[in-house]
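Student: Provided below are the primary sequence and the corresponding predicted coordinates.
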Amino acid sequence: MAETFGELLRAHRLAAGLSMGQLAKLTHYSKGYLSKIENDLKPPTPTLARLCDGVLDVGGRLVEAAACGGPALGRRQVLVVGTMLGVGALAGNGARSVPDEQVIAGMRTSFEQLRELGLRTSPAVVLEPLKALHHTVHALARENAGVVGTRLLLLAARIAEYTGWMSQEAGDEQNAVWWTRQASELSRAAGDPDIASYAFVREAGIALYRQDAAGTISLAQQAQWIGRAGSRVLALAARREAQGHALAGDRHATESAFGRAARLMACASPVGPYPALGTSAPDPLELARGWALSDLGLNAEAAAVLDRQLTSVPAGSRRTRARFGVRRSLAHALSGEIEQSCHTLADTLDDVAHIDSATVRADLRQLARTLGRWHNHGAVREVYPDLKRLLAHR
């Protein structure tokens, strides 16, 4: 029985009837490099493990072996987070009047405008205004009972959830988790099962960027089990679960979860009075499917899906265009289409510069390492200086 990654890779390569040269051609790595991997002279990268797993169709066994045999992956942190429901002084002194419909609508409009701004600029621009707005809305909710208090709690929960997302985009994982769990607490107080469930989807997204497949799957499944969330939130939870299965290299479970997500999304009700939770992309399931195909090592398929889907993303949705645009360029590079990778990246770099995202930079670093293997290619030499400038900027 094979014990090391190299031994397991050799066993599966031979079982597939492939020579070392044939595997090198299919994965776009050199024969010499793969020989060092098979002989355990070099450790496998997660990207190489997923590529080989996809080419050899071994259901995640190489992905798991690389994770077990490589540097220890950090376990999901267990954070003891207090609730803000009973914490913090009220802004100002003395009693205030009950806010009327126009006041509540005005605060909701302020939140929606900050969300729109977050689609196209750095999280640093919107984080402080979001926190200030949350403080005001939460304080008013604590001062008012009944229907008014409940509506304010619901708005405070929505603001907290989005503040968590912007914290993650700013590279602040600890505050991302804190704000997400705050949103869950407030949503329970307001009787809204959607945000309570979606908080688990958000935490699953944090696990996804840690390359924690098991944590991603577990949190996404909890989002589907814990309450009475609507079909849209359940669809986004199944979507995140599918991405976790792809990270683990399980193609069958990935497709099964995406199928469940599609059925749920088809049943989703029209958007209510508050902005819809989660992505604003026209077809979030297909974009995520393109991402997942890349994690499964099926990069040519991933690039084709992302090429098609990105044409429908509005120009103003810079965050979505940057996130999936970088993934598209990475998929092209990993499938050996270096010219196309650089061409699509050139179209994406302006969006990346505007949104200043820590999560997008993580993918950009992987793309830089991949393109670096073709450093003498003319298209790579042309785009690489701009790529390096973006990565140097913090």
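Tutor: All right, it came through fine.
Student: Which parts of the protein are strands?
Tutor: Using DSSP state E, the strands of the chain do not appear at all; there are none.
Student: Ranking helices and strands of it by mean pLDDT, which lands last?
Tutor: Lowest by mean pLDDT, DSSP states H and E among the helices and strands of the chain is helix 61-69, with a mean of 81.
Student: ok, and for that one, which residues are buried?
Tutor: The neighbour-count check on helix 61-69 (16 or more other Cβ atoms under 10 Å) flags 61-67, 69 as buried. C-betas here are computed from N, CA, C, even on glycine.
Student: ok, longest helix in the protein?
Tutor: Among all segments of the chain classified by DSSP state H, the helix with the greatest residue count is helix 146-169.
Student: What average pLDDT does it get?
Tutor: Rounded to a whole number, the mean pLDDT of helix 146-169 is 93.
Student: from the middle of its chain, how far away would that helix be?
Tutor: For helix 146-169, the distance between its averaged C-alpha position and the chain's averaged C-alpha position is 20 Å (Cα atoms, centre = their mean, to the nearest Å).
Student: before we move on, back to that, let me have the buried residues of helix 61-69 in a markdown table, adding distance to residue 198 as columns.
Tutor: Formatted as a markdown table, the buried residues of helix 61-69 follow (distance: Cβ to Cβ, whole Å):
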| residue | distance to residue 198 |
| --- | --- |
| 61 | 33 |
| 62 | 33 |
| 63 | 27 |
| 64 | 29 |
| 65 | 34 |
| 66 | 31 |
| 67 | 28 |
| 69 | 35 |
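Student: Quick one: residues contacting residue 50.
Tutor: With contacts taken as Cβ atoms under 8 Å, 6 or more residues apart in numbering, residue 50 has the following neighbours: 62-63, 249, 294-297.
Student: So what are the structural domains in this structure, by residue number?
Tutor: Recorded structural domains for the chain (assignment: automatic domain parsing) are 5-69, 297-394.
Student: now those in TSV, with distance to residue 284?
Tutor: Below are these laid out as TSV (distance: least, Cβ to Cβ, whole Å):
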stretch	distance to residue 284
domain 5-69	22
domain 297-394	9
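Student: closest one to residue 145 among those domains?
Tutor: Nearest to residue 145 among the domains of the chain is domain 297-394 (37.5 Å), distances taken as Cβ to Cβ.
Student: just the buried members of the contacts of residue 50?
Tutor: Among the contacts of residue 50, those classed as buried by neighbour count (16+ other Cβ under 10 Å) are 62-63, 249, 294-297.
Student: Of these, which belong to helices?
Tutor: In this view, the buried ones among the contacts of residue 50 that belong to helices under DSSP H are 62-63, 294-295.
Student: and those as JSON lines, adding distance to residue 264?
Tutor: Converted to JSON lines, these look like this (distance: Cβ to Cβ, whole Å):
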{"residue": "62", "distance to residue 264": "31"}
{"residue": "63", "distance to residue 264": "27"}
{"residue": "294", "distance to residue 264": "23"}
{"residue": "295", "distance to residue 264": "22"}
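Student: Which pair in these has the greatest spatial separation?
Tutor: Within those, two members stand farthest from each other by Cβ to Cβ: 62 and 294, at 15.5 Å.
Student: Skip the chain neighbours and tell me the closest residue to residue 240.
Tutor: residue 220 (4.1 Å; Cβ to Cβ, 6 or more residues apart in numbering).
Student: Fine, thanks again, bye for now.
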